[in-house]
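In: Here's my sequence, what's the structure:
(chains A and B)
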2 protein chains.
Amino acid sequence: MQIKAIKHIMQDNDKIAAQVRETLKAAGTLGVNLISSPGSGKTTLLEKTITALNERGKRCAVIVGDLETARDAERLDKMAAESIQINTGLSCHLYANQIAAALENLDLNTIDYLFIENVGNMVCPGEFDLGENVKTILYSFPEGDDKVAKYPTIFRVADIVLLTKMDIKQVCEFDMDRVMTDIRKLNGTAPVVPVSSKTGENFDQWLNWLLEQPAQHIGRQAGFVKE
Amino acid sequence: MQIKAIKHIMQDNDKIAAQVRETLKAAGTLGVNLISSPGSGKTTLLEKTITALNERGKRCAVIVGDLETARDAERLDKMAAESIQINTGLSCHLYANQIAAALENLDLNTIDYLFIENVGNMVCPGEFDLGENVKTILYSFPEGDDKVAKYPTIFRVADIVLLTKMDIKQVCEFDMDRVMTDIRKLNGTAPVVPVSSKTGENFDQWLNWLLEQPAQHIGRQAGFVKE
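Out: Below is the predicted model:
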């Protein structure tokens, strides 16, 4: 009963996710799903990222998932062209149908990047396709160096891993070799980039990666600017 | 369909949780469920807590939930009288039936405290009763001061909130007044204690609280030692 219901939910979700992906492609918008534990710095990273993309002539929209409050969407509304907050109530992740509903309220034809900030959770957001093109995993230094093997779901599906809060790395116990070894067992290709949203260290690596993705995923050239 | 299945799962879980609670009471064992985001320091806190309780003549068992690996149970096996690792696979929280199954492999008559280290997740572990007597919520300073209102589930059900990693508080942006205001909107009574497992700061407040709980929840005197 339980297993059957879960299968049913997953299949429905995948169907809607495929439709979302088609909608994004038709509009020429890259969908980026940000996944991490609560407090790894998703919203702060997005504030800096969207500001930097704006400076490069890109227009960004955000969809933010939280159980309650509109705090994160309010923060991001300052720099994003459009922002939508989804309150999930008791759910620990976003579903594709929530993204599909949000897209009805966004004019994608003016948007280059759609960032989806998932509910803070290192497990379920890795299991639910939202129709995004790439998954960005954040993992902060103060969380410690033993999380990859214990929470493998999100590292398996990562397109890029950002090691955040690099600015307080020196006060954290974090063995980089251990983390890299654990990630490479699960994921052979995703770049792993330590960054600080506070100091901007290595931020260019993340931005350059983001600028390359549209050409790869939705057939647009890097540096393409919509009219 | 989905809602019906979820209701069914929750009702079954609550029934089994009630049985677990009866078993614990009959054995005179206090069940403590530890809930937090990944990387908030549950395992390190338990290492220090169990060592300190051992010094006071208490015997402790642990049940540890992780998606994969037995790393945490191996760490805690050094100081706990008994330890059991549960691998949840894709599930982001423990269920009561997993605790019931684990209890069959524990001799509770020699155990004063059963610590249950839940899967690191700020959402679902707050929704699933495991049959514990008290819920301890960990929330670390580097996670930032905006999490309470965004992840209210676990703060609503908290019996005590430990603000962990107090030793690196000075490098974190964390407005204690904001956090206390947010917690008190959800929970009027749970003590909120900043602690450091590293330096031991305020650890006595947590231990004293723990020592008072058996009398309140399972009818044992504080300081009671089993034979």
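In: For the rest of this, base every contact and every neighbour count on C-alpha atoms.
Out: OK.
In: following the helix or strand bottoming out on mean pLDDT in chain A, which helix or strand shows up next?
Out: Least confident helix or strand, chain A: helix A:2-27 with a mean of 88, by mean pLDDT, DSSP states H and E. Scanning forward in sequence from helix A:2-27 by DSSP states H and E, the next helix or strand is strand A:30-35.
In: one step back: what are the buried residues along the least confident helix or strand of chain A?
Out: The neighbour-count check on helix A:2-27 (16 or more other C-alpha atoms under 10 Å in any protein chain shown) flags A:10, A:13-14, A:16-21, A:23-25, A:27 as buried.
In: Same list, these, but as JSON lines with distance to A:A101 please.
Out: Listed next are the buried residues of helix A:2-27 as JSON lines, based on distance: C-alpha to C-alpha, whole Å:
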{"residue": "A:M10", "distance to A:A101": "18"}
{"residue": "A:N13", "distance to A:A101": "13"}
{"residue": "A:D14", "distance to A:A101": "15"}
{"residue": "A:I16", "distance to A:A101": "10"}
{"residue": "A:A17", "distance to A:A101": "12"}
{"residue": "A:A18", "distance to A:A101": "14"}
{"residue": "A:Q19", "distance to A:A101": "12"}
{"residue": "A:V20", "distance to A:A101": "10"}
{"residue": "A:R21", "distance to A:A101": "13"}
{"residue": "A:T23", "distance to A:A101": "12"}
{"residue": "A:L24", "distance to A:A101": "13"}
{"residue": "A:K25", "distance to A:A101": "17"}
{"residue": "A:A27", "distance to A:A101": "16"}
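In: wait, which of these is closest to A:F115?
Out: A:L24 (11.8 Å; C-alpha to C-alpha).
In: Surely the closest one and A:A17 touch.
Out: No - judged on C-alpha atoms under 8 Å, A:L24 makes no contact with A:A17 at a distance of 10.6 Å.
In: ok, how many other residues are close to A:M79?
Out: 22 (other C-alpha atoms under 10 Å in any protein chain shown).
In: Enumerate every residue touching the spatially most central residue of chain A.
Out: Of all residues in chain A, the one closest to the mean position by C-alpha atoms, centre = their mean is A:L34, 1.5 Å from it. Shown in contact with A:L34 (C-alpha atoms under 8 Å, 6 or more residues apart in numbering or on different chains): A:42, A:115-118, A:135-138.
In: beta partners for it?
Out: Per DSSP bridges, the residues bridged to A:L34 are A:E117, A:T136.
In: thinking again about what came up before, taking the buried residues of helix A:2-27, tell me the two that lie furthest apart.
Out: Farthest-apart pair in these is A:M10 and A:A27; separation 25.7 Å (C-alpha to C-alpha).
In: What is the nearest of the buried residues of helix A:2-27 to chain B?
Out: Using C-alpha to the nearest C-alpha, A:M10 comes nearest to chain B of the buried residues of helix A:2-27, at 11.0 Å.
In: Roughly how far does the closest one sit from A:C124?
Out: 12 Å (C-alpha to C-alpha, to the nearest Å).
In: List the buried residues in the one helix or strand A:Q216 maps to.
Out: Secondary structure assigned from DSSP H and E places A:Q216 in helix A:203-218. Residues A:203, A:206, A:210-211, A:213-214, A:218 are the ones in helix A:203-218 that count as buried (16+ other C-alpha under 10 Å).
In: tilt between that helix and helix A:2-27?
Out: 90 degrees (axes from the mean of the first three to the mean of the last three C-alpha atoms, to 10 degrees).
In: can you state the direction angle for helix A:203-218 and strand A:30-35?
Out: On the basis of the same axes, to 10 degrees, helix A:203-218 is oriented at 120 degrees to strand A:30-35.
In: Just the buried residues of stretch A:83-91, please?
Out: Buried, per 16+ other C-alpha under 10 Å, within stretch A:83-91: A:83-90.
In: now it: mean pLDDT?
Out: Mean per-residue pLDDT for stretch A:83-91: 95.
In: any bit of that stretch sitting next to chain B?
Out: Yes - against chain B, stretch A:83-91 shows contacts by C-alpha under 8 Å from any C-alpha of the partner chain at A:90-91.
In: Which residues does A:L162 form beta bridges with?
Out: Note on A:L162: beta-bridge partners by DSSP bridges are A:L138, A:V193.
In: In chain A, mark out all the strands, start to finish.
Out: A:30-35, A:60-66, A:82-87, A:113-117, A:134-140, A:160-164, A:192-194 (DSSP state E).
In: Point out where chain A drops to low pLDDT.
Out: A:1-5, A:221-227 (pLDDT under 70).
In: for chain B, what are the nearby residues on it?
Out: Residues of chain A found near chain B (C-alpha under 8 Å from any C-alpha) are A:1-2, A:5, A:9, A:37-40, A:66-69, A:90-92, A:120-124, A:142-144, A:147, A:149-153, A:168, A:171.
In: Report the buried members of those residues.
Out: A:37-40, A:66-69, A:90, A:92, A:120-124, A:142-144, A:147, A:149-153, A:168.
In: which non-adjacent residue is nearest A:I111?
Out: Once flanking residues are discounted, A:I111 sits nearest to A:R59: 5.1 Å by C-alpha to C-alpha, 6 or more residues apart in numbering or on different chains.
In: OK, contacts around A:K48?
Out: Taking C-alpha under 8 Å, 6+ apart as the definition, contacts of A:K48 comprise A:S197.
In: Report the contact partners of the closest residue in space to A:T88 that isn't next to it in sequence.
Out: In space, and not counting its chain neighbours, A:T88 is closest to A:L67: 4.6 Å by C-alpha to C-alpha, 6+ apart. A:L67 is in contact with A:87-92, A:119, B:150-152, counting by C-alpha under 8 Å, 6+ apart.
In: Perfect, I'm done here.
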